[in-house]
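Novice: Let me see the structure of the following:
(chains A, B, C and D)
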Protein chains: 2
Amino acid sequence: MFPKRLGENMITLKDIAKEAGLSVAQVSRALNDHDDVSKETKQKVEDIANSLGYVKNISAHRLVMGVSNRIDFVVQGFTDEDNMLEHNEFYAMINGVNKYANEKRYEVIIYILQPTEKSYVQFFRERGIRNAILYGFEYDDPKFQELLSITCNMVCIDIPINGENKGSVIVNNTHYCTQAVEAIINSGKQNIALLTGSPHAVVSIEREAGYRIALTKKKLPIKENYIVDADFRQSVAYEKTLYLLQQNPEIDAFFCISDYMAIGCMEAILSIGKVIPDDIAVMGFDDIPISRYVTPKLSTVKQYSFNKGFEAAKLLIQIENKEQVNPTVILNCEMQLRDSI
Amino acid sequence: MFPKRLGENMITLKDIAKEAGLSVAQVSRALNDHDDVSKETKQKVEDIANSLGYVKNISAHRLVMGVSNRIDFVVQGFTDEDNMLEHNEFYAMINGVNKYANEKRYEVIIYILQPTEKSYVQFFRERGIRNAILYGFEYDDPKFQELLSITCNMVCIDIPINGENKGSVIVNNTHYCTQAVEAIINSGKQNIALLTGSPHAVVSIEREAGYRIALTKKKLPIKENYIVDADFRQSVAYEKTLYLLQQNPEIDAFFCISDYMAIGCMEAILSIGKVIPDDIAVMGFDDIPISRYVTPKLSTVKQYSFNKGFEAAKLLIQIENKEQVNPTVILNCEMQLRDSI
DNA sequence: CTGAAAGCGCTTACAG
DNA sequence: CTGAAAGCGCTTACAG
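Specialist: Numbering: from 1, shown residues only, chains lettered A, B, ... in the order given. Next up is the predicted model:
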């Protein structure tokens, strides 16, 4: 009557019960270490379970317990070989999520969503996703916006979202970029160009705002032609830097909102025989491992990805449990001053 | 009578059935797009499901279908900030696992095991793990050995294992290291030292064997004092390189079985004023992103981590389905000759 | 300390 | 095209 079974010879409580001469109920209680089971029974049941190679059917367990105990970590796929940033962030973040999940006995399911997926909502429905951490999405993607309209518990990393059962873990990008640009100015530079990422990324907007605030605070003019998109890519940053310096030879510093762009920027500067930081200073953002290996060592702003994951998991479970919490967690960064400014 | 429910107001088939004036059975069929349901019914049911925000209870679905459709990706935790190799490998591997899992409609659960975990077997039992991909373990860890004795389907990455329902995805380390060392010899070097990792790692043993084979093939003597452990660490490699060169000033090349050690080795060589590769050549293994950013650019051997993940997932599901397969998948690498030899 | 029973939410063979 | 029924494997309130 029923379809394929879970392997031919999966061991169930029934098998143990038969072997032990007990009821299924008592075996369940023994295995779950209830107080009202005799020591001898517990031992006997455990021995039989081991000898039979029993593994609990987690689906049945969850069905009856009425819990999912799942955190779905949904990543908008980044397949760009060039861009290893997320790869480094990714492990640290997963590690943070797992740390918290493990404490609470949740399990973490990973989904890497292809941008070609027709509907994220349908993706969620089909997979029974009820507790999601979102990472790597573009805030103006209509499919992402549609997703935010469903009632599923969600915590989004790096993008502020709101609504019922929604939360965000973000970094105060604007604040730390203001700090970074002020540090450049304090080092004696006046004509600071900005290499930003893409208008589809919230971080671009926030970090650019920090740049503008710093200049304003320091009473320096904001020149719109100093502000250029480089799509978060090293190669694009290289070209744009060359172009900017050709058009505006007075530029004496670059603030790049990602380290990869900063590295492309540095390569361009060195390629035309200028000295970093004496002629032109460079500052990045992210603190990718490579930034300590380039010459000169790149000054940048470090993010704590492990914490992002950990806090996202914590917030998500709080939301699931209907706890009263601040739905926006803001994490700290730290400036890393090295040799490039 | 029953404990906490899955949220107060989880929508079930029953709710939809009531709203639609249909039986639960028919709603199930409609939602699963069976042939024998009228178009109108399907549409009506789908509309109601959407308006109610229905999400399938995946545990109930799996229980009745008798499937787990889960791949448990179990990583022995690496928390060493210094060692970013695995972090890069990790994302690529997860991506590969997900690619295959997604095609087969499996989901991927991530577990990051702490070495402090008392029993891996118990960890597996408690979580109902039946289909595991193992990564990052040490083959001589007794808890790992114990784990291999249980009947759970397992595929291990980078460590050959065997037994019923077991498989491995490995790289022919010995072969590619032979190639690498031959390339060093062909570049004109004769006194080649080896920086190996740790005797607890299978890759160390395999890669060292490749070194020995290359020397033997080329009729060069094997000097045991040229072979030194550096624990896969950049800083240790730095020290050991200094020591080796002091003891054996005739050394004109280093083969390092990881890029991180190669980078430490290069730093040591440069620190004493020697020129790479003219005075001393260096070759690594892994092709981490940083290897293209150091000066001179590091020659190394590239591994394809995405493929490791993809093949591991494929093999695991084949094993689960009792297909006749070769339990050992051997993947190719590729030599990357750059400027350091 | 233990067993019989009910029920979690879903799917499908069976019988119309 | 549809409904009633059985059953997946587990857990616990209830009644001894």
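
Novice: Output the longest helix belonging to chain A.
Specialist: Looking across chain A with DSSP state H, the single longest helix is helix A:85-103.

Novice: The closest residue to residue A:96 other than its chain neighbours is in what secondary structure piece?
Specialist: The shortest distance from residue A:96 to any residue other than its chain neighbours is 2.7 Å, reached at residue A:309 (Cβ to Cβ, 6 or more residues apart in numbering or on different chains). Bear in mind the C-beta positions are built from the backbone N, C-alpha and C, glycine included. Following DSSP states H and E, one finds residue A:309 within helix A:305-320.

Novice: same thing with residue A:265?
Specialist: Using DSSP H and E, residue A:265 falls in helix A:259-271.

Novice: Now do stretch A:326-341: distance to the chain's middle.
Specialist: In terms of Cα atoms, centre = their mean, to the nearest Å, the gap separating the centre of stretch A:326-341 from the centre of its chain is 15 Å.

Novice: buried ones in that stretch?
Specialist: Of all the residues in stretch A:326-341, those buried under the rule 16 or more other Cβ atoms under 10 Å in any protein chain shown are A:327, A:329, A:331, A:333, A:335, A:336, A:338, A:340, A:341.

Novice: anything in it near chain B?
Specialist: No: Stretch A:326-341 stays clear of chain B (Cβ under 8 Å from any Cβ of the partner chain), getting no nearer than 13.8 Å.

Novice: what's the burial count for residue A:43?
Specialist: Close neighbours of residue A:43, defined as other Cβ atoms under 10 Å in any protein chain shown, add up to 11.

Novice: Pull up the gap between it and residue A:49, please.
Specialist: Remark: distance between residue A:43 and residue A:49 (Cβ to Cβ, to the nearest Å) = 11 Å.

Novice: that older thread, tell me the strands beside the following helix or strand past the helix holding residue A:309, with direction?
Specialist: Downstream of helix A:305-320, the first helix or strand assigned by DSSP H and E is strand A:328-331. Strands that pair with strand A:328-331, judged by DSSP bridges, come out as strand A:166-171 (parallel).

Novice: Send me the partner strand as CSV with only the CA atoms.
Specialist: Provided in CSV are the C-alpha atoms of strand A:166-171 (Å, rounded to 0.1, in the frame of the first residue of the first chain):
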residue,chain,number,x,y,z
LYS,A,166,11.0,39.6,10.3
GLY,A,167,14.4,40.8,11.5
SER,A,168,17.8,42.0,10.3
VAL,A,169,21.4,41.7,11.3
ILE,A,170,23.3,44.5,9.9
VAL,A,171,26.4,46.5,10.4
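
Novice: tell me what the helix or strand following it is packed against?
Specialist: Using DSSP H and E, the helix or strand that follows strand A:166-171 towards the C-terminus is helix A:173-186. Secondary-structure packing of helix A:173-186 (3 or more Cβ pairs under 8 Å, 6 or more residues apart in numbering or on different chains; DSSP states H and E): strand A:192-196, helix A:202-217, strand A:253-256, strand A:281-283, strand A:300-302, strand A:334-336.

Novice: low pLDDT regions in the stretch 151-300 of chain A?
Specialist: Applying pLDDT under 70 to the stretch 151-300 of chain A picks out no residues at all.

Novice: What count of nearby residues applies to residue A:38?
Specialist: Residue A:38: 10 neighbours (other Cβ under 10 Å).

Novice: Thanks again, I'm all set now.
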